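Asker: my questions concern the predicted model and sequence given below.
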Amino acid sequence: MSDKTKELNSSIKLVNNRLHFTGSAGSNDPVSIDYTAPLGDDLGYTSLELLLLSLSSCLGSAMLTFIRRMNRTITEFEITAKGVRKTEHPTGFASIHLEISLTSPDAIPEEVQNVIDLAEEKYCPVRSMIKGSTNVETSFKINNVR
């Protein structure tokens with residue numbers, strides 16, 4: 001196991017006199033992170049938006065790895081995430097719904113469901129970190145193109 005898989009590092013730096021940061025990890029380009037008005041200026045992703053993106057990309061990466069190992073062809077793949085926030089502080093997500101849409105001439109619904117279950121239960125670390133504190137529902141549709 002490489003050092004990169006054992007320890008990850010990131011940093012944020014305040015950009016203005018409000019709540020606008022730039023953040024980066026490794027040698028990747030920085031991202032803009034801000035808070036909504038009136039506390040922030042809406043100049044970047046919110047922390048919870050980044051969490052939705054992290055969850056989606058984590059699940060998507062695991063899914064695509066397994067689907068491709070089954071020699072299935074994926075021509076398009078998209079995950080849309082919708083998080084519903086709690087009304088009391090801390091106002092994290094009470095629930096998240098992930099809608100997966102994939103286009104494939106040969107994907108089989110039962111296999112895709114099995115891959116989703118495996119990815120969520122075992123291979124997506126972001127999902128495992130929110131398990132028990134946030135209800136996550138996942139649905140999918142396959143657009144078959146022949």
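Answerer: Perfect, thanks for sending it.
Asker: mean confidence (pLDDT) on the helix or strand encompassing M129, please.
Answerer: For M129, the enclosing helix or strand under DSSP states H and E is helix 125-130. Averaging pLDDT along helix 125-130 gives 96.
Asker: what packs against the following helix or strand past it?
Answerer: Moving toward the C-terminus from helix 125-130, the first helix or strand encountered (DSSP H and E) is strand 135-143. The contact analysis (3 or more C-beta pairs under 8 Å, 6 or more residues apart in numbering; DSSP states H and E) places strand 135-143 against strand 93-103, helix 109-118. C-beta: built from backbone N, CA, C; applies to glycine.
Asker: mean neighbour count, those: which tops it?
Answerer: Greatest average neighbour count among the helices and strands packed on strand 135-143 goes to strand 93-103 (a mean of 17), per mean count of other C-beta atoms under 10 Å.
Asker: output the contacting helices and strands for the helix holding M129.
Answerer: helix 47-69.
Asker: any buried residues in whichever helix or strand comes after the helix it packs on, and which?
Answerer: Using DSSP H and E, the helix or strand that directly follows helix 47-69 along the chain is strand 76-85. By 16 or more other C-beta atoms under 10 Å, the buried positions in strand 76-85 come out as I79, A81, G83.
Asker: and if you look at stretch 19-27?
Answerer: For stretch 19-27, burial by neighbour count (16+ other C-beta under 10 Å) applies to L19, H20, F21, T22, G23.
Asker: which segments of the chain make up each domain?
Answerer: Using automatic domain parsing, the domain parsing of the chain gives 1-45, 47-143.
Asker: out of these, which is the most enclosed?
Answerer: The most buried one of the domains of the chain (mean count of other C-beta under 10 Å) is domain 47-143, showing a mean of 15.
Asker: okay, now the unreliable bits of this protein?
Answerer: Where the chain drops to pLDDT under 70, the residues are 1-5, 146.
Asker: ok, back up a step: ok, the buried residues of stretch 19-27 vs N114, which is closest?
Answerer: G23 (35.3 Å; C-beta to C-beta).
Asker: which neighbours in the sheet does the helix or strand encompassing the closest one have, and how are they oriented?
Answerer: Per DSSP H and E, G23 falls inside strand 21-25. Next to strand 21-25 in the sheet, as set by DSSP bridges, lie strand 10-14 (antiparallel), strand 31-33 (antiparallel).
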